[in-house]
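Chemist: here is my input, please return the structure:
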Amino acid sequence: MITEGSIKKQRQADCTFMGQEESDNILTLFEQECWPAFLGGEKFVSWVKATFSQQKQDRQVPESFQLAPDRSLIIREVCQFYNVSEQDLLTARRGRSNVPRDVAIYLCRVLRNDTLKKIGTNFGMTGYGPAGNAVNRVKNKMLKNRELGQEVEKIKNRLYNSRKSLQ
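Modeler: I've put the predicted structure just below:
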């Protein structure tokens, strides 16, 4: 319950905070050309991402993808879901289908809006073409194979739920 006394204490705390010297970290931060989307500790940033990312991602608002799960979390969840090692996920084998790898690439593109070039670099590819091919393979397979679409949705749910449980 909010009381007049608690409001007075909050105002005093705000005035004390505002009267403090600026730290070098804050000054450096505000001197940057691009400011971070969130200011706060790791726990706070994780909470914001977990709470708002699923509902607020919009291709028209590129900054909204800063709410997306980290690439390392996507990789970890895909590895756990398919029971494969990270090495299996990050290694391409020419001529062999690697559904977990393709799904991880797809999720990095769809959830994080990572560029194909960045995905290619992160997954040890020679360019952006193979990354684009992997994204398209998953899209096409999901149209034909309802089970794959369900698997991808399960992984998405695990991603969002695991972030909520980190808090």
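Chemist: how about low-confidence regions in the protein?
Modeler: Under the criterion pLDDT under 70, the flagged ranges of the chain are 1-2, 14-15, 17-27, 29-30, 32-42, 45-67, 162-167.
Chemist: which helix or strand contains the residue nearest to residue 91 when sequence neighbours are not counted?
Modeler: Excluding the flanking residues, the one nearest residue 91 by Cβ to Cβ, 6 or more residues apart in numbering is residue 124, at 7.0 Å. In this view, the C-beta of every residue, glycine as well, is placed from N, C-alpha and C. Residue 124 is part of no helix or strand, with elements assigned from DSSP states H and E.
Chemist: what sits against residue 124?
Modeler: Residue 124 makes contact with 90-92 under the criterion Cβ atoms under 8 Å, 6 or more residues apart in numbering.
Chemist: out of those, who's nearest residue 43?
Modeler: Residue 43 has its nearest neighbour among the contacts of residue 124 in residue 90, at 28.7 Å by Cβ to Cβ.
Chemist: from residue 3, how far out is that closest one?
Modeler: Using Cβ to Cβ, to the nearest Å, one obtains 56 Å as the distance from residue 90 to residue 3.
Chemist: the more surrounded of those two?
Modeler: Between residue 90 and residue 3, counted using other Cβ atoms under 10 Å, residue 90 has the larger neighbour count: 14 against 8.
Chemist: return the subset of the contacts of residue 124 lying in helices.
Modeler: Secondary structure of the contacts of residue 124 is defined by DSSP state H; positions in helices are residue 90.
Chemist: what is the nearest of the contacts of residue 124 to residue 155?
Modeler: Lowest distance from residue 155 to the contacts of residue 124 (Cβ to Cβ) belongs to residue 90, with 16.8 Å.
Chemist: just checking, what packs against the helix of greatest length in the chain?
Modeler: In the chain, with assignment by DSSP H, the single longest helix is helix 146-165. Packed against helix 146-165, as judged by 3 or more Cβ pairs under 8 Å, 6 or more residues apart in numbering; DSSP states H and E, are the following elements: helix 42-56, helix 71-82, helix 99-112, helix 129-144.
Chemist: and the shortest one, what does it pack onto?
Modeler: Right, the one you point to is helix 71-82. For helix 71-82, the contact count by 3+ Cβ pairs under 8 Å, 6+ apart identifies helix 86-90, helix 99-112, helix 146-165 as packing neighbours.
Chemist: residues contacting the shortest one, please?
Modeler: Defining contact as Cβ under 8 Å, 6+ apart, one finds that helix 86-90 is touched by 75-76, 78-79, 98, 100-101, 104, 123-124.
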